[in-house]
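Chemist: The following block contains a protein sequence and its predicted model.
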Amino acid sequence: MTDPNKKPPDGMHGSYWNSRFKGLLHVGAGNRMAASVIAGLLIGYGLDSWLGTMPILMLAVGALGFVGGLMNARRTLLLSDREHDEDSDRS
């Protein structure tokens, strides 16, 4: 039987690729945040030009996009940390 506490050799555990993938998830969280804010601003601008209420809806929907982007980025980062903790518990 194998020892569960025994770590695999350096070339086989994949920590290099795990750290690279985690870095990509962090970049993805930032991109989602920016995309949410930009989408909110564009939707608000479109509604403002359609309804003639120039900066009000752009600011309101942009703020909603900002809050939604923060929540989405937080969720993404928490999930990546949870997966990282589960991977470190296995090794």
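Modeler: Now that the structure is in, tell me what you want to look at.
Chemist: What score does residue 55 have for pLDDT?
Modeler: As summarised for this prediction, residue 55 has a pLDDT of 93.
Chemist: Who are the contact partners of it?
Modeler: residue 48 (C-beta atoms under 8 Å, 6 or more residues apart in numbering). To be clear about C-beta, it is placed using only N, CA and C from the backbone, and glycine gets the same treatment.
Chemist: Okay, helices next: where are they in the protein?
Modeler: Counting by DSSP state H, the segments of the chain that form helices are 15-51, 54-90.
Chemist: Give the burial count for the residue lying closest to residue 34 once chain neighbours are set aside, as a bare number.
Modeler: When the adjacent residues along the chain are set aside, residue 34 lies closest to residue 69, with 7.3 Å between them (C-beta to C-beta, 6 or more residues apart in numbering). Residue 69 has 22 neighbouring residues, counting by other C-beta atoms under 10 Å.
Chemist: what separates the residue positioned nearest the centre of the chain from residue 72, distance-wise?
Modeler: Within the chain, the residue whose C-alpha comes closest to the C-alpha centroid is residue 29; the distance, by C-alpha atoms, centre = their mean, is 2.3 Å. According to C-beta to C-beta, to the nearest Å, residue 29 and residue 72 sit 8 Å apart.
Chemist: Poorly predicted segments of this protein, please.
Modeler: Where the chain drops to pLDDT under 70, the residues are 1-14, 84, 87-91.
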